[in-house]
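Undergrad: Predicted model and sequence follow; I will ask about them next.
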Amino acid sequence: MRQRRLMNQINVVPYIDVMLVLLIIFMVAAPMLPTATVDLPSVARANQAAVPPLEINIRSASSITLRDRNAADGGSDKPVPRDELVQRLKDAQAQNPEQGVVIAANKNIRYDEVMQVMDLLQRGNIRKVGLLVRQADN
């Protein structure tokens, strides 16, 4: 009797058939899927703050000033102790709820000082807090 030789090749024809059927299904189903649109904001449509924000300037660990650009004096920096800062901001936001607060710091100030002021504002329930960013000189 003659011995059969083992076939050591894989028959890929059934796999190709399945893949072609799947390809046809996806080609038919793809136009039926709803398309999503993303509405990205543009620079021209960016909302400008209606009311200039209050500006907290951190010059050193013990020196904090507050600038209100809506004030009658044109927004000069006024030194504020840390324990009075939250109350002054609450008073200003009570008069104008849309007014935000931005924190500016000297580049030599440790990041920890900025975080302490942010934590103080958060514990005082001050809304609309942000960081002031200045553009780099080229």
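TA: Here it is on my side, so go on. Numbers count the residues shown, from 1 in each chain.
Undergrad: residues touching the closest residue to Asn57 other than its chain neighbours, list them.
TA: Among residues not flanking Asn57 along the chain, Thr65 sits closest, at 4.6 Å (C-beta to C-beta, 6 or more residues apart in numbering). The C-beta positions use only the backbone N, C-alpha and C, and glycine is treated the same way. Thr65 is in contact with Ile56, Asn57, Arg59, Asp77, Lys78, Pro79, Val80, counting by C-beta atoms under 8 Å, 6 or more residues apart in numbering.
Undergrad: change it to 7 Å
TA: By C-beta atoms under 7 Å, 6 or more residues apart in numbering, the residues touching Thr65 are Asn57, Arg59, Asp77, Lys78, Pro79, Val80.
Undergrad: what's the next secondary structure element after the lowest-mean-pLDDT helix or strand in the chain?
TA: None of the helices or strands of the chain scores lower by mean pLDDT, DSSP states H and E than strand 78-79, at a mean of 84. Following strand 78-79 in sequence order, the next helix or strand is helix 82-95 (DSSP states H and E).
Undergrad: other SSEs contacting whichever helix or strand comes after that next one?
TA: Using DSSP H and E, the helix or strand that directly follows helix 82-95 along the chain is strand 101-105. The contact analysis (3 or more C-beta pairs under 7 Å, 6 or more residues apart in numbering; DSSP states H and E) places strand 101-105 against strand 54-58, helix 111-123, strand 129-131.
Undergrad: Show me which positions of the strand or helix carrying Asp17 end up buried.
TA: Using DSSP H and E, Asp17 sits within helix 13-29. Using 16 or more other C-beta atoms under 10 Å as the test for burial, helix 13-29 gives no buried residues.
Undergrad: quick thing: my sequence starts at 11, can you match it?
TA: From this message on, residue numbering opens at 11, which makes the last subject helix 23-39.
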